[in-house]
Structures are given as structure tokens and as C-alpha cells.
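K.L.:
Let me see the structure of the following:
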Amino acid sequence: MSWRRVAPLVLIAGLALATPQAFVVSASEAEPTTAASPEARVIAEADDQVHVGSRIALATPDEANLTGELEQGGWMRGVAPAHISSITANGEPVAFDPQDKSFFIGLDRDAGSAIELVLTQVDGQTRKQTLSIAPRDWQIERVNVAKGTGGGSEAWWKKREPEWLAIRDARAKETGAEGWRQDFIWPVTGRISGRFGRQRIYRGEPGSYHSGIDIAPGNGTPFVAPADGTVVLARTGFSLEGGIIILDHGAGLNSAFIHLSQLAVSEGDKVEQGQLLGNVGASGRATGPHLHWSLMWRDARLDPLLFLPPMP
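P.N.:
Residues are numbered from 1 along each chain as shown. Reported below is the predicted structural model:
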């Protein structure tokens, strides 16, 4: 089944208007606009938010402009007004560029039904924006077998622990990369052999869900960086991942590519969108050659398909 992005609509007082892929949300505590335009007055008098599929579309002055995919596994980029001194999302601080006030927020695969942004002004006043998050219909397989205990022997964990720590520490690195600002491209094209969020339920007990997408273009096929970034991990021989590259895109967003047959970059390298990273393989724990690509923002796991245009 092919995947495509659906263009959003903007709803203003019940009227549907075509728009680019952007939405602006109003603050629940915003003052009514004093603009003379009748359309501006209508917008100010409308409800706090209007739901359009997975997006919200409403405009009032002095609020954060947002673009993205407001659904589980999705994301948003934003630009806050110049007088904002801090931003939180569900109570957690969100870093933003001090010059242009731009920021990024990821939405976990199991994110709740809403996210509340609080924008604090330099004078201490706050503005709240509550955004609805659309649920996803995940691919769930229910099997009538007991869930395995997981883990391995003490000897296995002795080898695995430093690998796990290296991945954890790499994910936490902030390099100042700015790939998060870009429109992502496909690292490689081919058959999608595994989708994000897929999960098995073992006699009512959930197993781990699939944390990325699998692309199967053929063994040895080269793949490239989907966006600018800095290589924070580039190793071979990991127990599960085999050959692995982790690329920091900045703002807490990073990509991991695993099961690689060859690596073309080293830790510390700064790479540009479209630059060769390595070759697809079946190293580590893999049933066949494919590129497993996962995206994380802090601890939130995101769906790479929601960052991409249709596959060329």
C-alpha cells in the first residue's frame, strides 16, 4: 500500500480554505485582536481550536506559528513571538533558538490525546495553547503464545551493556546541528518491509513495538543522510544492531541506522543532507538485508514516514 501525505485545510468560522502545509493555533488566554479586518475579527471570535484531520488550523496575532504532523509519532516545528522568554510542552522545557525563536517538538508513538504549550513572555505573563493529538491505528498482531522473558545470559549482557550505554549516550548528545529545520529526504528507496509502531500482543501482554521503518532496497545498496547532522556514533559488531550510525540533527532530534554492511562516516563527522553514510546490510540480529531507520526526539519515538514526501 502506497503512502502519501494529505494536504491540510484551514477552517475559519466554518469555511474551508486551501493552504500550504502550515497551521497556526490560538492561545486559550489570548486577548481579542483589534485588527480592522472582518476576517481577523471572525478568527478572534472563533473557538479555541479547530480540528482538521490530524492538524489544527486557526490564526490569532502574537502566537506561535506551527507546522508539522499532529498525530502519534508526529512532530511540529514552531516559531514563537519575539517577546517569549521560555516555552514548555506538557510541563517540560523546550529549547528554542534565541535569535529567531524557532523550536522543535516530537510526539511519541504513545502520546496522549493533547499537548499543552505554555509560552512565557518577558514580562512574566503566560499564554497557553492546547493542541489535540490524533490517535493512530497501529498494526497490532495478537498471538496465542506466552511472551518470552527477554534479555540474555549474564555473559551476553556483559557484552551488551557497553553497547547499550554507547547508544544511550550518543542519543543524548547535542552538537548544534540544524538538520531539524529541513524537509527530510528518503535515505534510500525500496520496499517498505516494516512499519513504525507495529506490535505483537502475547496472550494479552504487549511486546515491544517496531521503533522505526525498514526499507529493503537490496544488500549493499548505499544510503544517504535524510537531513544535515553530526555523526555521534559509528560502530560495527554490535550484538543486535550490527553496523550502526547515529546522526544528531539538533534540537534533541536524531536518526539511527542499523544492520549496516559498511560505514562511510566516522564519529564527529558533520554531514550534509544527501551525503553518503554507508551501505545497507543484514548485520546484527536481522532476518535479511534492510535499512532500519528510527527517529527520536529526547525519549519520544517518531515515525520517519511523517517526515517524508511520497517515495519517488
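K.L.:
Helix or strand for the closest residue to Met76 other than its chain neighbours, just tell me which one.
P.N.:
Leaving aside its sequence neighbours, Met76 sits nearest to Gly68 (Cβ to Cβ, 6 or more residues apart in numbering; 3.5 Å). (Glycine included, C-beta is placed from N, CA and C.) Here Gly68, judged by DSSP states H and E, is contained in strand 65-69.
K.L.:
Check which element follows that strand along the chain.
P.N.:
strand 75-79.
K.L.:
per-residue confidence averaged over that following strand?
P.N.:
When pLDDT is averaged along strand 75-79, the result is 96.
K.L.:
what does stretch 279-299 give?
P.N.:
97.
K.L.:
Below-threshold pLDDT in the protein: ranges please.
P.N.:
For the chain, applying pLDDT under 70 flags the ranges 1-62, 149-152.
K.L.:
cutoff 90 now
P.N.:
For the chain, the stretches with pLDDT under 90 are 1-64, 139-157, 199-208.
K.L.:
Please enumerate the helices of it.
P.N.:
Along the chain, counting by DSSP state H, helices occupy 38-45, 154-171.
K.L.:
ok so, going back, show me what the strand holding Gly68 is packed against.
P.N.:
Strand 65-69 is packed against strand 23-24, strand 75-79, with contacts defined by 3 or more Cβ pairs under 8 Å, 6 or more residues apart in numbering; DSSP states H and E.
K.L.:
quick one: strands adjacent to it?
P.N.:
Note on strand 65-69: by DSSP bridges, its sheet partners are strand 23-24 (antiparallel), strand 75-79 (antiparallel).
K.L.:
Quick one: distance of that strand to the chain centre.
P.N.:
12 Å (Cα atoms, centre = their mean, to the nearest Å).
K.L.:
With just CA atoms, put it into PDB.
P.N.:
What follows is strand 65-69 as a C-alpha-only set of coordinates in PDB (Å, rounded to 0.1, in the frame of the first residue of the first chain):
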ATOM      1  CA  ASN A  65       3.400  29.600  14.200                       C
ATOM      2  CA  LEU A  66       3.500  25.900  13.900                       C
ATOM      3  CA  THR A  67       3.900  23.400  11.100                       C
ATOM      4  CA  GLY A  68       4.000  19.600  11.200                       C
ATOM      5  CA  GLU A  69       2.000  16.400  11.800                       C
END
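K.L.:
Tell me how far Ile87 lies from Thr130.
P.N.:
Ile87 sits 14 Å away from Thr130, going by Cβ to Cβ, to the nearest Å.
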